[in-house]
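**Student:** Fold the stuff below for me.
(2 chains)
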Amino acid sequence: MTAMNMIQALNSALDVMLAKDPAVIIFGQDVGYFGGVFRATEGLQKKHGPTRCFDAPIAESGLVAVGIGMSVYGLRPVVEIQFADYIYPAYDQIVSEAARIRYRSGGDFHVPLTIRTPYGGGIFGGQTHSQSPEALFTHVTGLKTVIPSNPRDAKGLLISAIEDNDPVLFLEPKRLYSGPFDGYHDRPVQPWSKHRLSDVPEGHYTVPLGEAAVVREGAALTVLCYGTMVHVALAAAEATGIDAEIIDLRSLMPLDINAIVRSVQKTGRCVVAHEATLTCGYGAELSALVQEHCFYHLEAPVQRVTGWDTPYPHAFEWDYFPGPDRVAAGMRRVLAS
Amino acid sequence: MRNRGTLSLHIPQPHNRPGDAPDFSTIQIPPAGALERPPIDTAARALSPFAYTLIRVLDGEGKAVGPWNPRLSPEALKKGLRDMLLTRAFDERMYRVQRQGKISFYVKSTGEEGVAVATAHAVEASDMCFPAYRQQGFLIARGYPLIDMMCQCFSNVRDPIKGRQLPVMYSSKAHNFFTVSGNLGTQFPQAVGWAMASAYKNDDRIAVSFIGDGTTAEGDFHHALNFAAVYRAPVILNIVNNQWAISSFHGIACGEEATFAARAIGYGLPGLRVDGNDFLAVYAAQQWAAERARANLGATLIEHYTYRAEGHSTSDDPSRYRPSDEWQAWPLGDPIARLKQHLIQIGAWSEAEHQALSDDVATQTRETQREAESIGTLATGSRPPKATMFEDVYEEIPWHLQAQMKEAGV
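**Tutor:** Now for the predicted structure:
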């Protein structure tokens, strides 16, 4: 075990997979010699050679399309899109191609492609470096969507994603790269080294896709969340003293419905929290599933705590970000009825 | 059956990395004044050689030579020098402000001021600009108030775009300067659309757009060229080839066998390649393309060959991927130093006047900073009213956003 931050854990996952499987190949903007703008691929080109980890043109559609072609040959490409905000030119290749090739070919072809991309706010990145576009992808059948919230999960989930035979969108909460962030932006920044989940095995291991983690057991209500919001929800529970059960979904598709149902049937109350905008966000799907599966156990309407339905506003970062106060307010609303 | 060898994957590598001595010996630089200036109605096909050379006007002694010399008046040259110096001083100041934690981010244009400033001088103020994020020199040359630029960077209560965007993402309809996106390349085909609309309305205004060398890899770059060629859109499409796309050298963007200007050839457009650090050459190329566009002869692609002297942004550390003294070795020099040399050479300028002008723009930016900071910085939290966060999503605020405003307490 080694204490790693999330970047080091992701780097370790990529390093392990490059060493283990010659079919793994990494490319994206600035990922080669430079090691990526967030350093996730630092040292990998030097260690594994320029054909295993290399720079690519600024062309997201091209990156994904080339990754699909390589997958069809039999490689397991890992493509980095520098910011999730820049993924939209690749949307057609992801939605119409990567996600459907298995289906449209009657199982003849498949696409074991992993697309890594940093997402989310909290770094004063404005509307072009802060978005949470997960719902645009979870809506797409044939594509898996994964979001880690800590270094240990990040490494295990990324290895699972690379080994998976379907395309996986791997969204990395960039505010968590160097430390857990609970939404209290005016408090000192915490490093991962003080967090128990920074204890990361050095070699190969997996965290299976489709298994949620109960990060805090509780009886009063259930909070469904992922990524940065896991830490925000924990902070809200601590600040309010509310006995919340907090579930880190880790994988949005496939989704661990059993963990959700088990918890909500126990608590009878549910808050859904994400950074992304409210309307047609992933919370809408979670809310519908809870209603369908747990209706007779619910004591109150499901509450959603999310970013506002506006673009991510640079100067209003902390008014936009659904921090612990807003999660706490959501918890109180669900307890009030 | 033929003997078949095995394949190997080619990964391009730049010539110079940290620790190497900068080496630009492979760059072919024709002498200033060597190229003819073709008539503006020359068929695109006959212009192909211009995509593989460099249009240059200023020679090593600072003399303006050859048929591309735009023969600008000393006053026009001094205005160009002032705008470039002001741009550099503004960049220096805002960079320092970012390092002091008063703004979140900044992008300098050091070393490539000549491209944006000379373009602004060569086209009409009524022509529409669709910029990338490193054309602050264009806005400065158009006389956009420095105080508004700074307030945008500070995201303060006087920020014209209400704190919505990262620093440098300016917008000014009044100055015919389209809102900077932050996403890459999207503005290039939009400029073509604006130009098509101008043609449709029998207007006489043209569009001008900028894109970086790295961004030419995006599909939008190619959409722009194709639409521009198909509809003969009155637009000047500029590639600022500053050699580096963050850490990637130009060979990653387009391979090492073609120039960026040569991208025009396959689309049937004129492609001009210009010494981007030569104010007069940039001006002359823009003037040629503008005349051609206004004569209803369609679009021109211009590659400005220059060098990004600083990091990509304040988030970047170029010493990790290129020799730190590369700019000093850049064979096309500094656009400010070269125009200064020219003005002195023609007897219209002196070292003392240059020093006085440098001091003047430094004072101007310092005083503007003081004024902008007195209004507020991102750090001091003098922001536009919080309710503005919910405005301009739509023309009118729908019920669900009104509900969210209420929840947000505004």
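**Student:** Write out the residues of the stretch 101-250 of chain A neighbouring chain B.
**Tutor:** A:Phe124, A:Gly125, A:Gly126, A:Gln127, A:Thr128, A:His129 (CB under 8 Å from any CB of the partner chain). Where you see a C-beta, it was placed from the backbone N, CA and C, and this is true even at glycine.
**Student:** again, only this time at 10 Å
**Tutor:** Applying CB under 10 Å from any CB of the partner chain, one finds that the stretch 101-250 of chain A approaches chain B through A:Ile123, A:Phe124, A:Gly125, A:Gly126, A:Gln127, A:Thr128, A:His129, A:Ser130.
**Student:** Within range of chain A, give me the residues from the stretch 251-400 of chain B.
**Tutor:** Close to chain A, as judged by CB under 10 Å from any CB, the stretch 251-400 of chain B has residues B:251-255, B:312-313, B:315-318, B:320-322, B:378, B:381-384, B:386, B:388-393, B:398, B:400.
**Student:** taking those one by one, which sit in helices?
**Tutor:** The helices, defined by DSSP state H, take in B:Gly251, B:Ile252, B:Ala253, B:Cys254, B:His400 from these.
**Student:** Is the closest residue to chain A within the stretch 151-300 of chain B in a helix, a strand, or coil?
**Tutor:** Nearest to chain A, among the residues of the stretch 151-300 of chain B, is B:Gly163, at 2.8 Å (CB to the nearest CB). Following DSSP: H, G, I helix; E, B strand; the rest coil, we place B:Gly163 in the coil state.
**Student:** any idea how far chain A is from the spatially most central residue of chain B?
**Tutor:** Taking CA atoms, centre = their mean, the centroid of chain B lies closest to B:Gln135, which sits 4.1 Å from it. Per CB to the nearest CB, to the nearest Å, B:Gln135 is found 17 Å from chain A.
**Student:** ok, the spatially closest residue to the residue of the stretch 151-300 of chain B closest to chain A that is not a sequence neighbour - contacts?
**Tutor:** In space, and not counting its chain neighbours, B:Gly163 is closest to A:Ala315: 2.8 Å by CB to CB, 6 or more residues apart in numbering or on different chains. Remark: with contacts taken as CB atoms under 10 Å, 6 or more residues apart in numbering or on different chains, A:Ala315 is in contact with A:124, A:126, B:104, B:154-157, B:159, B:161-165, B:378, B:381-384, B:386, B:388-389.
**Student:** Can you give me the pLDDT of A:Ala315?
**Tutor:** Listed pLDDT for A:Ala315 reads 94.
**Student:** Is it correct that it falls within a helix?
**Tutor:** Yes - under three-state DSSP, A:Ala315 falls within a helix.
**Student:** Let me see the ranges of the strands in the stretch 151-300 of chain A.
**Tutor:** Taking DSSP state E, counting those that start in this stretch as the criterion, the stretch 151-300 of chain A contains strands spanning A:168-173, A:199-200, A:213-216, A:221-225, A:244-248, A:251-253, A:270-277.
**Student:** How about chain B?
**Tutor:** Taking DSSP state E, the strands of chain B run over residues B:128-130, B:207-212, B:235-241, B:244-245, B:248-249, B:271-275, B:300-305.
**Student:** Looking at those, which is nearest to A:Ile101?
**Tutor:** With CB to CB, the closest approach to A:Ile101 among the strands of chain B belongs to strand B:248-249: 29.1 Å.
**Student:** What are the contacting residues of that closest one?
**Tutor:** A:29-34, A:55-58, B:12-17, B:213-214, B:217, B:243, B:256, B:321-322.
**Student:** among these, which ones are buried?
**Tutor:** A:29-34, A:55-58, B:12-14, B:16, B:213-214, B:217, B:243, B:321-322 (16 or more other CB atoms under 10 Å in any protein chain shown).
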